[in-house]
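**Student:** Quick one: sequence plus predicted model below, questions after.
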Amino acid sequence: MRFMLLMIPQGYENADPGVMPDAKAVEAMMKYNEALQQAGVLIALEGLHPPSMGARVTFSEGNPQVTEGVSPDVKEVLGGYWMIQVNSKEEAIEWAARCPASNNETIEIRQVQEFEDFPEDVQEAAAEFTESFSNTTTATGTTNEAEIRQLISNQQRAICAKDIDQIMSRYTTEAVIFDVKPPFQTKGKDAIRRLWEDGLPCFPDSLEMETRDLTIIVNDNLATAHWLFRFQGEPDHPATQMWMRATAVCQKNQGNWQILHEHVSVPLNPETSQAVFTLNP
């Protein structure tokens, strides 16, 4: 599900041209934006100049009428927006509630109308345009990247919940894993399930994952992603003492992205022949 989080700052309708937020507010908001991105839910975001730098077009009997700058009858305006992809309205609300907004700011949450939400006759009327639009590189690439981010985020949540069925639902039948621990490779879903069944009991009881530098390259049916991650939870647990590297190759099957190949590793110091577990050794 895609949702727009619409930021409505009270008084912004009367703001002077070129007005900008202060540096502290921007710093806090950048941390929030980074959290959205690291969680794999962020599709797009933008801030908007005040209405004094824009215009409003209204229509009377089909005739456009342009009002430059501030329209006197407008009481609320947008200051910016986020587009996110999550699993439910409740999850969108949770993300909106985490925003470091000030007392004079409101976030309105609106679900995006997907093509399948419309009745059949509307879908037929829009089918030709929708097919043409969906085949553009920008539209497809943006949607696919968001879906890969969501796939990775969902998989991480399943790992933290130790939900083996949810973990396995995201692998293709012929998936291959190169794990950080032996064996060198694990082929097929049955073997991968055994790998997770053996490994999950070794994880801390309370578990979260921190992700950095998630990078995705995607086309219509194939995607690669790489990122850094570490487990968080019990501070003295061995699993929380290391950063690891992850690479995933994902394939789209019948409209759903799944993991075809996964590679998790740590770098090796050639001078000591020891694994390196920190970002700044």
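**Tutor:** Sure, I can see it.

**Student:** what's stretch 167-182 in contact with?
**Tutor:** Residues outside stretch 167-182 that contact it (C-beta atoms under 8 Å, 6 or more residues apart in numbering): 151, 154-155, 158-159, 184-189, 192-193, 195-196, 199, 244, 251, 253, 258-266. Just so you know, the C-beta spots here come from the backbone N, C-alpha and C atoms, and that holds for glycine as well.

**Student:** ok, now with 7 Å
**Tutor:** 151, 155, 158-159, 184-189, 192-193, 195-196, 244, 251, 253, 258-266 (C-beta atoms under 7 Å, 6 or more residues apart in numbering).

**Student:** swap in stretch 150-163?
**Tutor:** Contacts for stretch 150-163 (C-beta under 7 Å, 6+ apart): 39-41, 85, 166-167, 170, 200, 203, 207-209, 225, 250, 257.

**Student:** now swap in stretch 256-264 and tell me
**Tutor:** With C-beta under 7 Å, 6+ apart, stretch 256-264 has contacts from 147-148, 151, 170-172, 175-180, 223, 244, 246-251.

**Student:** now swap in stretch 186-203 and tell me
**Tutor:** Taking C-beta under 7 Å, 6+ apart as the rule, stretch 186-203 contacts 162, 164, 167-168, 171, 173-177, 179, 231, 239.

**Student:** Ser153 and Gln254, how far apart?
**Tutor:** Remark: distance between Ser153 and Gln254 (C-beta to C-beta, to the nearest Å) = 21 Å.

**Student:** oh sorry, the question was meant for Leu207
**Tutor:** 32 Å.

**Student:** out of those two, which sits in the busier spot?
**Tutor:** Leu207 (19 against 5; other C-beta atoms under 10 Å).

**Student:** Just give me the closest of the contacts of stretch 150-163 to Val57.
**Tutor:** Among the contacts of stretch 150-163, Gln85 lies closest to Val57 (C-beta to C-beta), at 30.4 Å.

**Student:** What ranges does the stretch 1-150 of the chain have for its helices?
**Tutor:** With DSSP state H, counting those that start in this stretch as the criterion, the stretch 1-150 of the chain has helices at 23-38, 89-97, 120-134, 137-161.

**Student:** Single out the most deeply packed of these.
**Tutor:** helix 137-161 (a mean of 18; mean count of other C-beta atoms under 10 Å).

**Student:** What mean pLDDT does it get?
**Tutor:** The pLDDT scores in helix 137-161 average 80.

**Student:** go on, stretch 81-94?
**Tutor:** 90.

**Student:** That one spans what distance, first to last residue?
**Tutor:** 16 Å (C-alpha to C-alpha, to the nearest Å).

**Student:** Would you reformat the helices of the stretch 1-150 of the chain as TSV and include distance to Ile216?
**Tutor:** Shown next, in TSV, are these (distance: least, C-beta to C-beta, whole Å):
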stretch	distance to Ile216
helix 23-38	11
helix 89-97	20
helix 120-134	19
helix 137-161	5
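
**Student:** Indicate which one of those helices is closest to Asn14.
**Tutor:** Checked against C-beta to C-beta, the stretch from those lying closest is helix 23-38, at 18.6 Å.

**Student:** counting contacts, what elements does the closest one pack onto?
**Tutor:** Packing contacts for helix 23-38, counted by 3 or more C-beta pairs under 7 Å, 6 or more residues apart in numbering; DSSP states H and E, involve strand 207-218.

**Student:** what pairs with the strand it packs on, and is each one parallel or antiparallel?
**Tutor:** strand 222-233 (antiparallel) (DSSP bridges).

**Student:** and the next element down the chain from the strand it pairs with?
**Tutor:** strand 244-253 (DSSP states H and E).

**Student:** Please identify the buried residues of that following strand?
**Tutor:** 244, 246, 248-252 (16 or more other C-beta atoms under 10 Å).

**Student:** Then stretch 230-248?
**Tutor:** Quick answer for stretch 230-248 (16+ other C-beta under 10 Å): 230-232, 237, 239-240, 243-244, 246, 248.
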